[in-house]
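Chemist: Return atomic coordinates for the entry below.
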Amino acid sequence: MALTLALAGQPAYASDPLYQEQMQKLLGAIGSLYFLQPLCGDNKNDWRAQASELIALDEPDEDRRQKLNGAFNQGYYAYSRSYVYCTDAARRSIVQLLEEAERTSRDIHSRYGAQN
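Modeler: A predicted model of the protein is given here:
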């Protein structure tokens, strides 16, 4: 009973949604694409704007926003440390990242999207 009373005075902490890990994976891929595609001459997509929009639509609290932004930045820096020039490996990475982002996005939507 004393433990219950002690815990009753503690603030409730919001927990991450079930899809948090997938969102971080998706934003990591987007961050990587933000670095790689312009390196290889493709400036068609504004990945930073898409990441910002995705985060805004998710309406995260500040802690989650920091995690999501951090995943984007980690994706960016992971490739910026490895590539200075566009190479065949960089082009293959772009294809793999696009596939991963699409797969992860579909998974999030199919599992956690709004039901009609």
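Chemist: When you work out contacts or count neighbours from here on, use the C-alpha atoms and nothing else.
Modeler: Will do.
Chemist: Now tell me what touches stretch 37-51 from outside.
Modeler: Among residues not part of stretch 37-51, those counted as contacts by CA atoms under 8 Å, 6 or more residues apart in numbering are 27, 30-31, 33-34, 72, 84-87, 90-91, 94.
Chemist: who wins for most neighbours among those?
Modeler: Within the contacts of stretch 37-51, neighbour counts (other CA atoms under 10 Å) peak at L27, which reaches 32 neighbours.
Chemist: Tell me how far it lies from D88.
Modeler: When distances are taken as CA to CA, to the nearest Å, L27 and D88 turn out to be 23 Å apart.
Chemist: which residue sits closest to Y19, ignoring its sequence neighbours?
Modeler: I108 (6.5 Å; CA to CA, 6 or more residues apart in numbering).
Chemist: For the strand or helix carrying the one you found, which helices and strands make contact with it?
Modeler: When secondary structure is defined using DSSP states H and E, the element that contains I108 is helix 88-112. The criterion is 3 or more CA pairs under 8 Å, 6 or more residues apart in numbering; DSSP states H and E, and the helices and strands that helix 88-112 contacts are helix 20-39.
Chemist: List the buried residues of the helix or strand following the helix it packs on.
Modeler: Remark: after helix 20-39, the chain's next helix or strand is helix 47-58, criterion DSSP H and E. Going by neighbour count (16 or more other CA atoms under 10 Å), the buried part of helix 47-58 is 47-48, 51-52, 55.
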